[in-house]
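Asks: Okay, sequence plus prediction incoming.
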Amino acid sequence: GKYLFLFNTHLDPVNTENKIQQLKHIKEFIGETILNVASEDKVDLTRSSVILLGDFNIAYGSSEYDYMVELLGARDLYKEFKLRTEGELESTFEDTNSLVLWRVSVRIDFAFGLDGVRVGDKFFEFLPLEVESAEVVKQKKGKEFSDHWGSLFKLLPGQRKD
């Protein structure tokens, strides 16, 4: 069978230094988890995919965003899909949501595909995730269940590029 490792996070909403430290810890945690699984032969990692998602409190297109993507070796799955289909990149946190109390429109919630992870001198490669569909899901004004819009993805395991 094929396996999916799903990691979720919520980063500090204010302090940039904390966010950077949290990102480093997340990268380390994912690596340790993968190394643990590999050492116990629990799962065939060559038939596995990895996704990291959540509220990163980092604005899309910012220098922090670029740093995060590079540090994690991540693919922004929503962006990838929208660029491929020529769709508009929508905000996930904006003042059209009645639970947001100030003027803002930004994408700070992400789903990242990780095609591989380095742990020490070892590199583990995964099946890349292919995005069949991706959308930001909004509720009617006054009926929101979060101050962030949700994201809905249909993901399929891709083929390794050997």
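Replies: Yes, it's here.
Asks: Contacts for whichever helix in the chain runs longest next, please.
Replies: Ranked by residue count, the top helix of the chain under DSSP state H comes out as helix 16-39. Applying CB atoms under 8 Å, 6 or more residues apart in numbering, the set of residues contacting helix 16-39 from outside is 5, 7, 9, 11-12, 43, 45, 50, 52, 56-58, 64, 67-68, 71-72, 114, 117-119, 122, 124. (C-beta placed from N, C-alpha, C; glycine too.)
Asks: Among these, which are located in helices?
Replies: 64, 67-68, 71-72.
Asks: and the two most separated of those?
Replies: The largest separation in the ones in helices among the contacts of helix 16-39, counting by CB to CB, is between Glu64 and Leu72 at 12.3 Å.
Asks: Compute the inter-axis angle for the longest helix of the chain and helix 63-72.
Replies: 20 degrees (axes from the mean of the first three to the mean of the last three CA atoms, to 10 degrees).
Asks: what is the rounded mean pLDDT of helix 16-39?
Replies: Here helix 16-39 scores 94 as its mean pLDDT.
Asks: buried ones in it?
Replies: Neighbour counts using 16 or more other CB atoms under 10 Å place 19-20, 22-23, 26-27, 30-31, 34, 37-38 of helix 16-39 among the buried residues.
Asks: Wait, Leu152 touches Glu135, no?
Replies: Yes - using CB atoms under 8 Å, Leu152 is in contact with Glu135, at 5.2 Å.
Asks: Show me which of the ones in helices among the contacts of helix 16-39 are buried.
Replies: 64, 68, 72.
Asks: Could you find the closest non-adjacent residue to the first one?
Replies: Using CB to CB, 6 or more residues apart in numbering and skipping residues adjacent in sequence, the residue nearest Glu64 is Ile58, 4.6 Å away.
Asks: For that neighbour, list the residues it contacts.
Replies: Ile58 neighbours (CB under 8 Å, 6+ apart): 11, 19, 64-65, 68, 108.
Asks: Determine which two of the residues you listed are furthest apart.
Replies: Maximum distance among the contacts of Ile58 (CB to CB): 11.8 Å, for Leu11 and Tyr65.
Asks: if you count what's nearby, which of those two comes out ahead?
Replies: Each of Leu11 and Tyr65 has its neighbours counted (other CB atoms under 10 Å); Leu11 has more, 21 against 17.
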